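Engineer: pasting the structure only:
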């Protein structure tokens, strides 16, 4: 994927979330049962950083665990609603591509860095590595990255084309006319890869498009290891229990830290490429 296409997708996702934020907030009132997969890893007294916190459902899950919580999201509406709903939490508006420019995070480190349903919205291998590398800098030497991403390999259950999975996404690419695709999804079909899925949020066929990456467990493990995480586990989850690729709703990833020596001869696989976000 080219830098231009990646920038277009980042802008598209940001604009879509700005548009759907009120509806998105209302739809996030139910506690996600897949969070329970992280129960063995969250301990009392831990410092938690939640990247892409949205309406802060994760804070609700953590509220009785005796942890110190900081949530980051770029959407002002969702941050404001999170502050209203959970006044005991700390919520900061900030761009995940510019975490180092958030003054409240300067010099901070955390026992667990959570990333829930966010990385799959990040286009291109280079940007995904950059985002993971940025999050890694805020994990303590004994810290962890805990992620959930949508499993887009699971066959869908919704009627028609309203499927958020790789099968329906690629069928649309085969049969949808080029002009109609452009109207629905903005990004030209030929400029995204076979594991890149364009879908939409809500009931409309157009107006709220979003980009998703159809991750496999293997790809997620490789990404985490490429930025310096050592012990990485990734598996499919359904209702808070381990599942298979054909029925798991999400993919859970648990990545533990491994220090990287700061030397000129560091392996190329451990050097995250740093994209330069455009001014748009």
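Structural biologist: Looks like it arrived, so ask away. Please read these numbers as outputs of a predicted model, since none were measured by experiment. Numbering: from 1, shown residues only.

Engineer: just the strands in the stretch 51-200 of the chain please.
Structural biologist: Secondary structure of the stretch 51-200 of the chain, counting by DSSP state E, counting those that start in this stretch: strands at 68-73, 90-93, 110-116, 139-150, 196-200.

Engineer: of all the ones you listed, which lies closest to residue 104?
Structural biologist: Among the strands of the stretch 51-200 of the chain, strand 90-93 comes nearest to residue 104, with 5.3 Å by CB to CB. For the C-beta atoms, the positions are set from N, CA and C on the backbone; glycine is no exception.

Engineer: helices and strands around the closest one, which ones?
Structural biologist: Where contact means 3 or more CB pairs under 8 Å, 6 or more residues apart in numbering; DSSP states H and E, strand 90-93 is packed against strand 68-73, helix 76-85.

Engineer: can you list the strands that that strand pairs with?
Structural biologist: strand 68-73 (parallel) (DSSP bridges).

Engineer: where in the stretch 151-280 of the chain is pLDDT low?
Structural biologist: Regions of the stretch 151-280 of the chain meeting the criterion pLDDT under 70 cover residues 156-163, 203-207, 259-280.

Engineer: in which helix or strand does residue 253 reside?
Structural biologist: strand 250-257 (DSSP states H and E).

Engineer: so what strands line up beside that strand?
Structural biologist: strand 139-150 (antiparallel), strand 229-238 (antiparallel).

Engineer: now do it: distance to the chain's middle.
Structural biologist: 12 Å (CA atoms, centre = their mean, to the nearest Å).

Engineer: what lies in contact with that strand?
Structural biologist: 34, 37-38, 41, 117, 136, 139-151, 215, 217, 220-221, 224, 228-238 (CB atoms under 8 Å, 6 or more residues apart in numbering).

Engineer: those residues, buried ones only, as a PyMOL selection?
Structural biologist: Restricted to buried positions by 16 or more other CB atoms under 10 Å, the PyMOL selection for those reads:
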select buried, resi 34+37+38+117+136+139+143+144+145+146+147+148+149+150+151+215+217+220+221+224+228+229+232+234+235+236+237+238
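
Engineer: any chance of the helices and strands packed on strand 90-93 in CSV with mean neighbour count as columns?
Structural biologist: Converted to CSV, the helices and strands packed on strand 90-93 look like this (neighbours: other CB atoms under 10 Å):
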stretch, mean neighbour count
strand 68-73, 22
helix 76-85, 18
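
Engineer: which of the strands of the stretch 51-200 of the chain has the lowest average pLDDT?
Structural biologist: Mean pLDDT per stretch puts strand 196-200 lowest among these, at a mean of 89.

Engineer: which one, of the strands paired with strand 250-257, ends up nearest to residue 199?
Structural biologist: Distance to residue 199, taken as CB to CB, is lowest for strand 139-150 among these, at 9.9 Å.

Engineer: no further queries at this time; thank you.
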